[in-house]
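Engineer: Show me how the following folds:
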Amino acid sequence: MTKQDLINASAAAAGVTKKDAQAIIDAMLDSVTASLQKGESVTITGFGTFRISHRAARKGVNPRNPQQTIDIPAMKLPAFKPGKTLKDAVR
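Structural biologist: Predicted structure coming up:
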């Protein structure tokens with residue numbers, strides 16, 4: 001399902017225009033992104049939790065020159081942990 005498919009399905013389910021559904025979905029995604037940028041987790045009860053995962057710095061191998069090692073810096077990554085209701089629905 002693409003974002004446009006999600007907008008179409010949401011508009012049909014809620015009985016609103018596609019433009020309104022797109023504005024709502026964009027606002028929700030912007031809010032989740034802003035919270036994650038602040039380092040906060042976002043919990044949607046029954047669906048799951050978006051959080052920031054930390055990946056430690058490590059050594060890697062240059063794929064073009066396997067003899068050369070490179071330093072891979074530490075970074076933050078978004079992560080999602082599904083909730084029980086979502087897990088049960090998918091099973």
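Engineer: what sits against residue 85?
Structural biologist: 46, 47 (C-beta atoms under 8 Å, 6 or more residues apart in numbering). Placement of C-beta: from N, CA and C, glycine included.
Engineer: Quick check: it vs residue 4, distance?
Structural biologist: 26 Å (C-beta to C-beta, to the nearest Å).
Engineer: can you check residue 86 too?
Structural biologist: 22 Å.
Engineer: So for the two, which sits in the more crowded spot?
Structural biologist: residue 86 (15 against 10; other C-beta atoms under 10 Å).
Engineer: Show the subsequent helix or strand relative to the host helix or strand of residue 36.
Structural biologist: Assessed by DSSP states H and E, residue 36 sits inside helix 18-37. Toward the C-terminus, helix 18-37 is succeeded by strand 42-44 as the next helix or strand (DSSP H and E).
Engineer: now for that next one, which elements pack on it?
Structural biologist: helix 18-37, strand 48-55 (3 or more C-beta pairs under 8 Å, 6 or more residues apart in numbering; DSSP states H and E).
Engineer: Can you check the distance spanned by stretch 42-52, start to finish?
Structural biologist: In stretch 42-52, first residue to last residue: 10 Å (C-alpha to C-alpha, to the nearest Å).
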